[in-house]
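Student: Below is the sequence, then the predicted model.
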Amino acid sequence: MRKLPFNRPHTTGRELEYIAQAVEGGHLSGNGPFTERCCRWLEARTGTKRAFLTHSCTAALEMAALLTDVGPGDEVIMPSFTFVSTANAFVLRRATPIFVDIVPDTLTLDPEGVEAALTRKTKVIVPVHYAGVGADMDALVQIASERGLFVVEDAAQALMSEYRGRALGAFGSLAATSFHETKNVISGEGGALFVNDPSLVERAEVIQEKGTNRQRFFRGQVDKYTWVDLGSSYSPSEINAAFLWAQLERAAEITARRLELWRRYHVGLEELEQREQLRRPIIPPESTNNAHMYYILLRSIEERSRLIARLDRAGAMAVFHYVPLHSSDAGKRWGRVVGDLEVTEDVSDRLLRLPLWPDLLDEDIDRIVAVIADGLR
Ligand SMILES: *Cc1c(COP(=O)(O)O)cnc(C)c1O
């Protein structure tokens, strides 16, 4: 039987051609013509003021943490139900992650949890758009603007998704997205920082260029470039950008195919949900779906373990997701918890992600659905 890994990186067919062009063009370091194309595309697509390519979403989050100027004693409110980089980026600045709960429908940051966690030291709120579905940005942006806090969106999974008709990644002062091979649009390892607050653009350029004013030098605004601020090496090479361009060009088609497969799962599993054997993802009316992930919520951790084993025997790899950060060693050392995080703990025990990649066949989905139906009988 055909083996179905959890993810298989999809290529559009032009990646090598564009990499060859980059090599022939003689500009291999960062911020060349392919980077330029990718950034302008991302800006046009999301409406962000400025997009910067980075080596990863992790790197983009680190740039965002530098741009918010957080330091020791400052508090950054985020879900515990997220990837480690959401927290690490701020811990590297010696700020304290404050872990709060998620809401049960979209599994994103709970605005009431955020309210309860606010203190005089709060400086940043970090919503994570889990599975590419928007967090409650109406409420979160309002809380932040009333108190003059930064919003940094972890939009790692959210490219091509919208909330109230606006792209995710365009709501916070800053946002980070990912092109890791497990995401929808990929470059192996890669990411981007979106700077929506125009007053942060120039400093973002400096931070990306090792803390120098090299970009101003290229524009002829200074006559030599020098060290002016904190920074690091955040630009990917043109080889990565060339690969990414071949993907961005096809982002609409990639999303459309993923959506077909997502919907096939959704229809196929409807009856099991009606029988209360599982719960399917919820896409609220204000949100669109980029089909980053298809997950199901089972009734118990034991049932999930049995189903993982059963799917594995049938050749399909299904995986659970985050170990909540507040329960991890590093999370306990560097973070704090506000609230009981009941939803986080419950969901992390019961959530199962199913294989979803563009080259899956409709029959593959049907086969997986049949194994699930059998397993839950
Ligand atoms: C994938 C992911 C990241 C990290 O992305 P990288 O590009 O691998 O650094 C961060 N946050 C979330 C929510 C993610 O899903």
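Tutor: Great, that's in hand.
Student: Nearest spatial neighbour of the residue positioned nearest the centre of the chain, chain-adjacent residues omitted?
Tutor: In the chain, the C-alpha nearest the mean C-alpha coordinate belongs to Ala156, at 1.5 Å (Cα atoms, centre = their mean). Excluding the flanking residues, the one nearest Ala156 by Cβ to Cβ, 6 or more residues apart in numbering is Ser178, at 3.9 Å. Where C-beta positions appear, they are placed from N, C-alpha and C, glycine not excepted.
Student: Now do the phi/psi pair for the one you found.
Tutor: Geometry field for Ser178 lists phi and psi as phi -130, psi 140, criterion degrees, to the nearest 10.
Student: give the contact list for the nearest residue to Leu278 once chain neighbours are set aside.
Tutor: What sits nearest to Leu278 in space, not counting adjacent residues and going by Cβ to Cβ, 6+ apart, is Ile296, at 4.7 Å. Ile296 makes contacts with Leu269, Leu278, Arg279, Arg280, Leu351, Leu352, Leu354, Ile372, as judged by Cβ atoms under 8 Å, 6 or more residues apart in numbering.
Student: mind running it again at 7 Å?
Tutor: By Cβ atoms under 7 Å, 6 or more residues apart in numbering, Ile296 lies in contact with Leu269, Leu278, Arg279, Arg280, Leu352, Leu354.
Student: go on, Phe179?
Tutor: Phe179 touches Val185, Ile186, Ser187, Gly190, Gly191, Leu244, counting by Cβ under 7 Å, 6+ apart.
Student: Nearest to Val103 among those residues?
Tutor: Gly191 (25.9 Å; Cβ to Cβ).
Student: burial of that closest one, as a residue count?
Tutor: Using other Cβ atoms under 10 Å, Gly191 has 28 neighbouring residues.
Student: And Ala44, by the same measure?
Tutor: 10.
Student: what ranges do the helices span in the stretch 201-350 of the chain?
Tutor: Assignment of helices within the stretch 201-350 of the chain using DSSP state H, counting those that start in this stretch yields the ranges 201-208, 214-218, 238-248, 251-268, 270-274, 301-313, 329-334, 342-350.
Student: Can I get the lowest-mean-pLDDT helix or strand in the chain in PDB? Just the C-alpha atoms.
Tutor: Sorting the helices and strands of the chain by mean pLDDT, DSSP states H and E puts helix 214-218 at the bottom, at a mean of 88. Extracted in PDB, the C-alpha atoms of helix 214-218 (Å, rounded to 0.1, in the frame of the first residue of the first chain):
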ATOM      1  CA  ARG A 214      24.300  49.300   4.700                       C
ATOM      2  CA  GLN A 215      20.800  49.800   3.100                       C
ATOM      3  CA  ARG A 216      21.000  53.600   3.600                       C
ATOM      4  CA  PHE A 217      24.500  53.500   2.100                       C
ATOM      5  CA  PHE A 218      23.100  51.600  -1.000                       C
END
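Student: Could you check how far Ala170 is from the ligand?
Tutor: 17 Å (Cβ to the nearest ligand atom, to the nearest Å).
Student: So Asn7, which state does it fall into?
Tutor: Under DSSP: H, G, I helix; E, B strand; the rest coil, Asn7 falls in the coil class.
Student: from what I can see it touches Thr182, true?
Tutor: Yes - using Cβ atoms under 7 Å, Asn7 is in contact with Thr182, at 5.0 Å.
Student: Could you look up the SS state of the residue nearest to the centre of the chain?
Tutor: What three-state DSSP gives for Ala156 is coil.
Student: Can you name the residues that contact it?
Tutor: Ala156 makes contact with Cys57, Phe83, Ala176, Thr177, Ser178, Lys183, according to Cβ under 7 Å, 6+ apart.
Student: Same check on Leu4?
Tutor: Gly315, Ala316, Met317, Pro355, Asp364.
Student: still on that earlier bit, surely the residue nearest to Ala156 touches Ala192?
Tutor: No - Ser178 is not in contact with Ala192 according to Cβ under 7 Å; the separation is 8.3 Å.
Student: Looking at those two, which is more packed in?
Tutor: Between Ser178 and Ala192, counted using other Cβ under 10 Å, the more crowded position is Ser178 (30 against 27).
Student: What residues are recorded as beta-bridge partners of the more buried one?
Tutor: Gly191 (DSSP bridges).
Student: got the contact list for it?
Tutor: Applying Cβ under 7 Å, 6+ apart to Ser178 gives the contacts Ser56, Cys57, Ala156, Gly191.
Student: 6 Å instead, please
Tutor: Neighbouring residues of Ser178 by Cβ atoms under 6 Å, 6 or more residues apart in numbering: Cys57, Ala156, Gly191.
Student: same deal with Thr96?
Tutor: Thr96 touches Glu75, counting by Cβ under 6 Å, 6+ apart.
Student: if I look at it, how far off is the ligand?
Tutor: 19 Å.
Student: In the stretch 1-150 of the chain, mark out all the strands, start to finish.
Tutor: 50-54, 75-79, 96-100, 122-125, 150-154 (DSSP state E, counting those that start in this stretch).
Student: In a markdown table: the ones you listed, plus distance to Glu112.
Tutor: Output for the strands of the stretch 1-150 of the chain, formatted as a markdown table (distance: least, Cβ to Cβ, whole Å):
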| stretch | distance to Glu112 |
| --- | --- |
| strand 50-54 | 32 |
| strand 75-79 | 12 |
| strand 96-100 | 9 |
| strand 122-125 | 13 |
| strand 150-154 | 17 |
